[in-house]
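Chemist: Kindly generate the corresponding structure for this input.
(one chain, ligands or ions: 1)
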Amino acid sequence: MFLELRNKILNFLNVFLDLIYNQKCLCCSCAKTDELLCKNCAKDIHYLSNYAHRIFKNIPFYSATLYEGNIKKLIHKLKFNHHKKASIPLAQILYKYFKNIPQKNDYIIIYPPSCFLKSAQRGYNHMFLIAKEFSKLTNIKINKKLIKKIKYTKPQYKAKNRHKNILNSFQINKKELLNVNNKTILLIDDITTSGATLEEIINLLLDYNINKIVCLTIAKT
Ligand SMILES: [Zn+2]
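Modeler: Numbering: from 1, shown residues only. A predicted model of the protein is given here:
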């Protein structure tokens, strides 16, 4: 109840501040532009090469950028400062990179679901916001129901504990299998560190013979 009220107040404050002040760049706070990311800050984003930086069980992993500078700022704003609008430039950055990677047919977007508790704490699922904006840019549909989170996982900072921590955290919603049949799963996420979360989801999909998968993250550490 308290969390819900706090989230409503924070959201209201952000909308209110946008109304009384002109739109400012989310990274440098300059008001020179009506865009959420000014040209200078956009120029500062360095895109990685358009080949897979990693292959796991034949699945390519692509990352648009490194987790640093303005990317880090935008992700922090979205995840921890209630700036839902940061999902828009983040999706644009992902889209700009995505257009240049080898394309597959008939994609469907999925993202790692967060557990109920985390979404409730934040008031929204930040990956859903990014996926929604990315879907608008690409015209690729999102499937929100294919993967369910069934275990609460504490954030893990030590890479060696991540795989153990995330084990058996997700479940497939069997009713959705028909809807993704023959499609290529475009599994998107904000940051990849050890790859544990994405690997856990891939293992689950492979168990159900879903093997046309491409992983795409905004940033990698
Ligand atoms: Zn700026």
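
Chemist: neighbours of residue 91, just the number please.
Modeler: The local packing of residue 91 (other CB atoms under 10 Å) involves 23 other residues. Backbone N, C-alpha and C define where each C-beta goes, glycine included.

Chemist: do you know how far it is from the ion?
Modeler: Summarising the geometry, the distance separating residue 91 from the ion, computed by CB to the ion, to the nearest Å, is 17 Å.

Chemist: That residue: which element?
Modeler: Residue 91 is located in helix 87-98, with elements delineated by DSSP states H and E.

Chemist: Report all helices and strands that the following helix or strand past that helix contacts.
Modeler: Tracing the chain past helix 87-98, the next element assigned as helix or strand by DSSP H and E is strand 107-110. With contacts defined as 3 or more CB pairs under 8 Å, 6 or more residues apart in numbering; DSSP states H and E, strand 107-110 has these neighbours: helix 126-138, strand 184-192.

Chemist: Next SSE downstream of strand 107-110?
Modeler: Toward the C-terminal end, the helix or strand that comes next after strand 107-110 (DSSP H and E) is helix 116-122.

Chemist: How about the residues of the chain by the ion?
Modeler: Remark: the part of the chain in contact with the ion comprises 25, 27, 28, 38, 41, using CB under 5 Å from the ion.

Chemist: and the residues you listed, which are buried?
Modeler: Buried subset of the residues of the chain next to the ion (neighbour count, 16 or more other CB atoms under 10 Å): 25, 27, 38, 41.

Chemist: got the residue ranges for the strands in the protein?
Modeler: When secondary structure is read from DSSP state E, the chain shows strands at 54-56, 59-66, 107-110, 147-149, 170-172, 184-192, 213-220.

Chemist: I'd like the ones you listed as a markdown table, with mean pLDDT appended.
Modeler: Output for those, formatted as a markdown table (pLDDT from 0 to 100):
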| stretch | mean pLDDT |
| --- | --- |
| strand 54-56 | 94 |
| strand 59-66 | 96 |
| strand 107-110 | 96 |
| strand 147-149 | 90 |
| strand 170-172 | 92 |
| strand 184-192 | 95 |
| strand 213-220 | 97 |
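
Chemist: Adding mean neighbour count, write those strands out as CSV.
Modeler: Written out in CSV, the entries for the strands of the chain read as follows (neighbours: other CB atoms under 10 Å):
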stretch, mean neighbour count
strand 54-56, 13
strand 59-66, 20
strand 107-110, 21
strand 147-149, 18
strand 170-172, 17
strand 184-192, 22
strand 213-220, 22
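
Chemist: So, low pLDDT: which residues of this protein?
Modeler: Counting by pLDDT under 70, the chain contains low-confidence residues at 1-3, 10-22, 33, 115-116, 154-160, 162.

Chemist: quick revisit: in the helix holding residue 91, which residues are buried?
Modeler: For helix 87-98, the neighbour count (16+ other CB under 10 Å) marks 87, 88, 89, 90, 91, 92, 93, 94, 97, 98 as buried.
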